[in-house]
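1. Give me the fold of what follows.
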Amino acid sequence: MIDMGTVSARTAAVLGGVRDGQLSGPTPCAELSVGQVVAHVGQLAAAFGAAAAKNLGELTDSPPGADGYPLDEGWRDDYPARLTAFAQAWRAPQAWAGMTRVGAVDLPGELCGLVALTEVVVHGWDIAVATGQAYTVDDDIATVLLGHLTAFTAGGPVEGLFGAPVTIAADAGDFARALALSGRDPAWGRV
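-> This next block holds a predicted model:
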């Protein structure tokens, strides 16, 4: 079991640092603006929280972005609260056991937890670098992400989830390598 509390709190802090004038700006997700990635984080926190609780229904039965990525009214308060609830839901051992559903896909709870972790961390980083904020990932989480993404992308890019892997230095750290596997350039915004 992985404690999602720290990564959720870090991503929530990044959301709090987004200025209104940055919402239309670009992100490492070439097809999504800052505001759209922020909205995606708000949506995924609710959906993966429901998946952890095995509360299957509307939140877990819709593919990501089915209705686009509009920012909810009150998102500055609501999305951090959703991330807190998400982290709490994944603290329950049963969240990681058995089967669940998210994005209209049935999958084992353990795999769902790894996907959830990846979504919160990678999109937290997306928003941070796009808005000039720092984003720290602990070494143990970076190692988990790298292992998950290495296995998940072994057959090539996962359409709809990740772009083609980015080539980076062989001696890059685990988090940089995980970002590269997710189709992101770890140096985005600095070049």
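
2. What's the per-residue pLDDT of residue 153 here?
-> In this model, residue 153 is scored at 81, pLDDT.

3. what are the ranges of the strands in this protein?
-> 99-102, 105-108 (DSSP state E).

4. Throw those into CSV and include mean neighbour count and mean pLDDT, thanks.
-> Quick note: C-beta positions are derived from backbone N, CA and C, even for glycine. Shown next, in CSV, are these (neighbours: other CB atoms under 10 Å; pLDDT from 0 to 100):
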stretch, mean neighbour count, mean pLDDT
strand 99-102, 21, 97
strand 105-108, 14, 96
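
5. So what's the residue count around residue 177?
-> 22 (other CB atoms under 10 Å).

6. picking that back up, quick one: closest of the strands of the chain to residue 120.
-> Nearest to residue 120, of all the strands of the chain, is strand 99-102, at 12.8 Å by CB to CB.

7. what residues are up against residue 108?
-> By CB atoms under 8 Å, 6 or more residues apart in numbering, the contact set of residue 108 is 98, 99, 100.

8. From residue 96, how far out is it?
-> In this view, residue 108 and residue 96 are 9 Å apart by CB to CB, to the nearest Å.

9. need the contact list for the closest residue to residue 75 other than its chain neighbours.
-> Excluding the flanking residues, the one nearest residue 75 by CB to CB, 6 or more residues apart in numbering is residue 42, at 5.8 Å. Residues counted as contacts of residue 42 (CB under 8 Å, 6+ apart) are 71, 72, 75, 78, 79, 82.

10. now the longest helix anywhere in the chain, how far from the centre of its chain.
-> The single longest helix within the chain, with elements called by DSSP state H, is helix 109-130. Computed by CA atoms, centre = their mean, to the nearest Å, the chain-centroid distance of helix 109-130 equals 2 Å.

11. One more: stretch 87-95?
-> Taking CA atoms, centre = their mean, the mean C-alpha location of stretch 87-95 is offset from the chain mean by 17 Å.

12. any chance of the contacts of residue 108 in TSV, plus distance to residue 149?
-> Formatted as TSV, the contacts of residue 108 follow (distance: CB to CB, whole Å):
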residue	distance to residue 149
98	24
99	22
100	20
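
13. Could you single out the nearest of the residues you listed to residue 86?
-> residue 100 (13.5 Å).

14. how close does the residue nearest to residue 75 get to residue 83?
-> Distance from residue 42 to residue 83, by CB to CB: 9 Å.

15. mind checking how far the nearest residue in space to residue 79 that is not next to it in sequence is from residue 111?
-> Nearest residue to residue 79, sequence neighbours excluded (CB to CB, 6+ apart): residue 42, at 4.0 Å. To residue 111, residue 42 is 23 Å away according to CB to CB.

16. If anything else comes up later, I'll come back, but that's it for now.
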